[in-house]
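*Asks:* dropping the sequence and predicted coords here.
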Amino acid sequence: MLINNAVNRVFVPKVTTFAQIGYDSLCSSDCKNDLTLEWLIKHKYTKCHSSSCPQRDIREKNGKKFGGLEENVYLCSKLTVKDNTMARKNRVLSSIGIYHVMLRGINRQLIFDDDSDYRKFLMIMGDLLYPKNELGEPLPPCCAFYAYCLMPNHVHLLVHEKTERLPSVVKQVAQRYAKYYNSKYEHFGHVFQDRYKSEPVNTPAYFFTLLRYIHQNPVAGGLCKDVEAYEWSSWREFIGDPRRKSNLCSVPVVLKSFPLEDLREQVCTPLPKALRVLDYDLSRTVLCDAAVEEFLSSNYGLRHPTDLQNYAKARRDEILKAAKEYGGSIRQIARLTSLGFSIVNNA
């Protein structure tokens, strides 16, 4: 609980409505008998016994308006006490149903450990384009994809709603991949961090800015030197790379408005570093295994990361903490050192 010493007032950080738990109202800062939520629960009621409190007889009944009180608002004398819980902001809707979406691994951890993980995610995307009912009969597509990029610890999608709204599309992708990931790696808990991030796309100019941004992500993250070298983005679909066996993006729709050669020139031209998209911070990039191994070798003399298993706990945890601060993910360090996930996480 947060204490305001200036008025000797106790604020309860998270309250829905006192009526829901059988209580009436809170007193003002003028009253000397302010009560904590623990006291309320213990004594089953709130009643101000101070004669100086002019509204001590006001009660809220059944969470409805009564005596000027509204649900989640508690008045007593001059003080208004509200629920301090921060409400989630409503998502901004697109006028044309197109959105830029980002899914990120929890604690920025890797969500793709090998090629089969990337392929599984792409397969799940494909199932949304070619859904089937229980009898195996084809259904209309849930959505359309105009661009995507699968990074080691996050995913960018440029999505157009069709028969399903965006929350349903993202939920299906995230839940199916999380189930696969947890089963494969014997992982428990969340795979993706918080809510997915999204922003509406309402103009052609911003649409093509996002095409550039999404495909340039691997270059900006230091994973490759040019856009065409990255395997797990939709750019290879745009250029007709024969190595890409399946096409998930509506490439012809995009190329009707922007010829390929013009688009290639734009996509291969770096965007300004000051450009902010979805408040994503590119300053923290994903390190490759070789970078983490070099860090452990040059700073701690480890010939191989698995040598860390022979260190005393205090020294081992010190090195693990340094590796995490350097930029290695928990799962990555656990895999390189062959130490348990919990050991690396708790270090």
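*Replies:* Nice, thanks for sending it over.

*Asks:* could you use CA atoms for every contact and neighbour count after this?
*Replies:* OK.

*Asks:* outline the domain layout of this protein.
*Replies:* Following automatic domain parsing, one gets these domains for the chain: 1-87, 98-267, 289-346.

*Asks:* okay, the ones you listed in JSON lines with mean pLDDT next?
*Replies:* Shown next, in JSON lines, are those (pLDDT from 0 to 100):
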{"stretch": "domain 1-87", "mean pLDDT": "38"}
{"stretch": "domain 98-267", "mean pLDDT": "91"}
{"stretch": "domain 289-346", "mean pLDDT": "86"}
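
*Asks:* my guess is Q309 meets G340, correct?
*Replies:* No. When contacts are counted by C-alpha atoms under 8 Å, Q309 is not listed as touching G340 (10.3 Å).

*Asks:* between the two ends of stretch 123-136, how far is it?
*Replies:* One end of stretch 123-136 to the other measures 17 Å (C-alpha to C-alpha, to the nearest Å).

*Asks:* buried sites along it?
*Replies:* The neighbour-count check on stretch 123-136 (16 or more other C-alpha atoms under 10 Å) flags M123, M125, G126, L128, L129 as buried.

*Asks:* repeat that for stretch 337-345.
*Replies:* If you call a residue buried by 16+ other C-alpha under 10 Å, then stretch 337-345 has these buried ones: T337, L339, V344, N345.

*Asks:* from the residues you listed, which land in helices?
*Replies:* Taking DSSP state H, the ones among these that sit in helices are T337, V344, N345.

*Asks:* parallel or antiparallel, which strands does the host helix or strand of V159 pair with?
*Replies:* Using DSSP states H and E, V159 maps to strand 154-161. Sheet pairing here is set by DSSP bridges, and for strand 154-161 it gives strand 98-104 (antiparallel), strand 143-150 (antiparallel).

*Asks:* could you look up the next helix or strand downstream of that strand?
*Replies:* Following strand 154-161 in sequence, per DSSP H and E, is helix 166-185.

*Asks:* okay, the angle between the following helix or strand past that next one and helix 166-185?
*Replies:* As assigned by DSSP H and E, the chain's next helix or strand after helix 166-185 is strand 197-201. Here the directions of strand 197-201 and helix 166-185 differ by 140 degrees (axes from the mean of the first three to the mean of the last three C-alpha atoms, to 10 degrees).

*Asks:* run through who's touching the next helix or strand after strand 197-201.
*Replies:* With elements assigned by DSSP H and E, the helix or strand that comes after strand 197-201 is helix 204-220. By C-alpha atoms under 8 Å, 6 or more residues apart in numbering, the surrounding residues in contact with helix 204-220 are 100, 147-149, 151, 156-158, 201, 224-227, 230, 233-235, 266-268, 270-271, 282.

*Asks:* apply 7 Å and report the result again.
*Replies:* 147-149, 151, 156, 201, 224-227, 230, 233, 235, 266-267 (C-alpha atoms under 7 Å, 6 or more residues apart in numbering).

*Asks:* buried ones in that helix?
*Replies:* Buried, per 16+ other C-alpha under 10 Å, within helix 204-220: 207-208, 210-220.

*Asks:* can you count the residues close to G327?
*Replies:* A count of neighbours around G327, defined by other C-alpha atoms under 10 Å, yields 17.

*Asks:* against T306, how distant is it?
*Replies:* 18 Å.

*Asks:* dump stretch 167-184 to CSV, restricted to CA.
*Replies:* Presented in CSV, the C-alpha positions along stretch 167-184 are these (Å, rounded to 0.1, in the frame of the first residue of the first chain):
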residue,chain,number,x,y,z
PRO,A,167,-7.3,-10.3,-31.9
SER,A,168,-8.5,-13.7,-33.1
VAL,A,169,-5.8,-13.9,-35.8
VAL,A,170,-3.0,-13.1,-33.4
LYS,A,171,-4.5,-15.3,-30.7
GLN,A,172,-4.5,-18.4,-33.0
VAL,A,173,-0.9,-17.8,-34.1
ALA,A,174,0.4,-17.2,-30.6
GLN,A,175,-1.4,-20.0,-28.8
ARG,A,176,-0.6,-22.6,-31.4
TYR,A,177,3.1,-21.7,-31.5
ALA,A,178,3.3,-21.4,-27.7
LYS,A,179,1.8,-24.9,-27.4
TYR,A,180,4.3,-26.3,-29.9
TYR,A,181,7.3,-24.5,-28.3
ASN,A,182,6.4,-25.6,-24.7
SER,A,183,6.0,-29.2,-25.8
LYS,A,184,9.2,-29.3,-27.8
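
*Asks:* please shift the residue numbers so they start at 619 in all later answers.
*Replies:* Got it, the first residue is 619 from now on, which makes the last one we talked about stretch 785-802.

*Asks:* list the contacts of it.
*Replies:* Residues external to stretch 785-802 that are found in contact with it (C-alpha under 7 Å, 6+ apart): F739, I742, M743, F806, V809.

*Asks:* are any of the contacts of helix 822-838 buried, and which?
*Replies:* Looking at those with 16+ other C-alpha under 10 Å, the buried ones turn out to be A765, Y766, C767, M769, H774, V819, D844, V845, Y848, S851, W853, V885.

*Asks:* list the residues that contact the fifth one.
*Replies:* Meaning H774. V719, M720, L721, Y766, C767, L768, I832.

*Asks:* ok so, going back, to R813, which of the strands paired with strand 772-779 lies closest?
*Replies:* strand 716-722 (8.1 Å; C-alpha to C-alpha).
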